[in-house]
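Asks: With the input below, show me the fold.
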Amino acid sequence: MRGVPLTLRGLLLVSGVILLIFSNTASHAIAFQIGAVGLVGLAAAICVVTGRVRLQRLTFLDYMFVAMVFFSLTASVIHQDPYIFVYSLVFLATYASICVLVRTMSDEEIAFAITVSISLSVLLVFIVDSKSILTSLAPGAANRWELRFMPFGMTPDLAGYVYGGFVVVLLFSNFSNVPVLRHAGWTARVGLAGMSALITLAASARAGLLAVVLTLGFYVARNVTFHKRLRIYLILFVVLLFAAIWVFWPTVEAYMTEMLELNSSTRGLNSGGSGRLELWERGIELVFSRSWELLIGSGLRSSGFDQIGFSTESSYITLSIEMGIFLPFFLVGCFLFLLYRLGRIEFTRATPFDKIAFYFITFAMLQSVFNRYLIAIGNPLSLMFLLVVSRAFLKQSLERQMRMARGRRPSFSNPAPIQPEPAATRQRPLPGR
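Replies: Predicted structure coming up:
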């Protein structure tokens, strides 16, 4: 892949994502979040002014997000809550900007922006907070919980979601489109992913690490099953990895037990997931104890501790509280549909962006069982998640339209490769495809 030039819209998008790593600083959190979404909106405005936006109809996923905002605005009016009302409008403006960007930028440009923003974010954290990271990773602390690393004020749970997600995206990125890292190849990917993994470990973010392991295990299982060329290498790698763990197991066990506080009375293996089981039970009881809110929810950002008296610690319970029980079902269905479609083409005609999207969505959905950030705009990974799923769903929608235009019914069980269509019926493709 050739190097992708960093356009002004790409630079603004990268800057917005990087700015969100400061979105939890104590004194300027709101300013950083507004500044970040403002940069994304400015990037979209440039696309509109320059006339580069491809006029393509909204997808089913887009309509789901519009319905989500409509429900949220309705609930905010009923409850007379100005904060939910304003946040809903900001979310709508941000998602509208994302819709413009995914209809303007190519796969390569989006992947480039994601790779550059994550790489710079990880390097920035290490440059500024390397001493704190090393202190958190050093064994032998009397009160381990006091040393949990919080990059730029980010809570450990959110750090596990963000930097654990960075690990997955970096490992599946293609650095050949990044001029500075083009010749480093897999070394740069593994190095930066390792740095991000260390940040996650320093935060003692067990859910983030677990989701990374499960995502990589899913990758290994799929490739061993379907990819003949990689099968022997992956099996050999897994055997060597388990052999090394077996040889050094006493040291590894002692270190990870301390770092992850597996013997803690509050965070240990017998604590019910740090009390999450009890919180999930309370969240489910709250969802089904409501009246009209059971159908449309109580609005975006209405499930915080200040509103309901506890933390849900699960994106799926959070979505059910904020959007009702039906809309989250369709949203999750859209994400699963994307995984199915992207998984079908992974070994045949998937682009580098498709591969990133497949494992990124896999990680986000796994990790969101334990966090509240799947649908959000206030942290870098959630913003990138909206960008990736919007682009991926748009591609699938356009490919379906092309199949229908050729007079064939779409077959999800055995999708045929897309062939060039006659000029008379050819639709305008996605940019860069």
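Asks: what number of residues lie near T50?
Replies: By the measure other Cβ atoms under 10 Å, the count of residues near T50 is 11. From N, CA and C alone the C-beta is placed, and that goes for glycine too.
Asks: I'd like to know how far the spatially most central residue of the chain sits from F335.
Replies: Against the mean C-alpha coordinate of the chain, by Cα atoms, centre = their mean, the closest residue is F385 at 3.9 Å. From F385 across to F335, the span is 9 Å (Cβ to Cβ, to the nearest Å).
Asks: which neighbours do the two share?
Replies: Both F385 and F335 are in contact with I361, where contact means Cβ atoms under 8 Å, 6 or more residues apart in numbering.
Asks: and the residue nearest to the centre of the chain, what is it in contact with?
Replies: Going by Cβ under 8 Å, 6+ apart, F385 touches 360-361, 364, 374.
Asks: Quickly find the element holding it.
Replies: Using DSSP states H and E, F385 maps to helix 380-405.
Asks: Can you pull out the low-pLDDT segments for the stretch 101-250 of the chain?
Replies: 175-185 (pLDDT under 70).
Asks: If we ignore the residues flanking it in sequence, what's nearest T25?
Replies: G153 (4.7 Å; Cβ to Cβ, 6 or more residues apart in numbering).
Asks: cool, and Y83?
Replies: R301 is the one closest to Y83 (Cβ to Cβ, 6+ apart), at 7.1 Å.
Asks: what's that neighbour in contact with, if anything?
Replies: Shown in contact with R301 (Cβ under 8 Å, 6+ apart): 83-84, 87, 322.
Asks: Just the pLDDT for it.
Replies: Per-residue confidence (pLDDT) for R301: 92.
Asks: So what does it look like in phi/psi?
Replies: The phi and psi values for R301, taken as degrees, to the nearest 10, are phi 60, psi 30.
Asks: Kindly report the same for S27.
Replies: Note on S27: its backbone torsions stand at phi -100, psi -20 [degrees, to the nearest 10].
Asks: How about Q56?
Replies: According to degrees, to the nearest 10, Q56 has phi -120, psi 140.
Asks: doesn't K395 make contact with it?
Replies: No - contact criterion Cβ atoms under 8 Å: Q56 and K395 do not qualify, at 10.5 Å.
Asks: From Y161, how far out is the residue nearest to the centre of the chain?
Replies: 10 Å.
Asks: Kindly report the same for A207.
Replies: Look at A207 and Y161: by Cβ to Cβ, they are 8 Å apart.
Asks: again with F126
Replies: Taken as Cβ to Cβ, the span from F126 to Y161 is 19 Å.
Asks: So which of these two has more stuff around it?
Replies: Each of F126 and Y161 has its neighbours counted (other Cβ under 10 Å); Y161 has more, 32 against 16.
Asks: thought that one was touching G208?
Replies: Yes - counting by Cβ under 8 Å, G208 is a contact partner of Y161 at 5.8 Å.
Asks: hey, what's in contact with both of those two?
Replies: Common neighbours of Y161 and G208 (criterion: Cβ under 8 Å, 6+ apart): Q367.
Asks: if we can go back for a sec, show me which of Q56 and K395 is the more surrounded one.
Replies: K395 (23 against 16).
Asks: Next one: that one relative to V17, how far apart?
Replies: Counting by Cβ to Cβ, the gap from K395 to V17 is 21 Å.
Asks: try I98
Replies: Distance, I98 to V17, by Cβ to Cβ: 12 Å.
Asks: cool, I245 as well?
Replies: 35 Å.
Asks: who's more crowded, the two?
Replies: Neighbour totals were compared for I245 and V17, and V17 leads with 25 against 11 (other Cβ under 10 Å).
Asks: How about that one: what's its closest non-neighbour residue?
Replies: That would be S117: by Cβ to Cβ, 6+ apart, it lies 3.9 Å from V17.
Asks: tell me which element the one you found falls in.
Replies: Under the criterion of DSSP H and E, S117 resides in helix 107-137.
Asks: what's the angle between that helix and helix 380-405?
Replies: Put simply, helix 107-137 runs at 150 degrees to helix 380-405, going by axes from the mean of the first three to the mean of the last three Cα atoms, to 10 degrees.
Asks: buried set for helix 107-137?
Replies: Neighbour-count burial for helix 107-137 flags 107-122, 125-126, 129, 133, 136 (criterion: 16 or more other Cβ atoms under 10 Å).
Asks: Which elements pack onto it?
Replies: In terms of contacts (3 or more Cβ pairs under 8 Å, 6 or more residues apart in numbering; DSSP states H and E), helix 107-137 is packed against helix 8-19, helix 156-171, helix 186-202, helix 352-367, helix 380-405.
Asks: residues touching the residue nearest to L387 when sequence neighbours are not counted, list them.
Replies: Excluding its sequence neighbours, the residue lying closest to L387 (Cβ to Cβ, 6+ apart) is I98, at 5.4 Å. Counting by Cβ under 8 Å, 6+ apart, I98 touches 40, 44, 386-387, 390.
Asks: Buried subset of the residues you listed, written for ChimeraX?
Replies: Paste this into ChimeraX to select the buried members of the contacts of I98, with burial taken from 16+ other Cβ under 10 Å:
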select :40,44,386,387,390
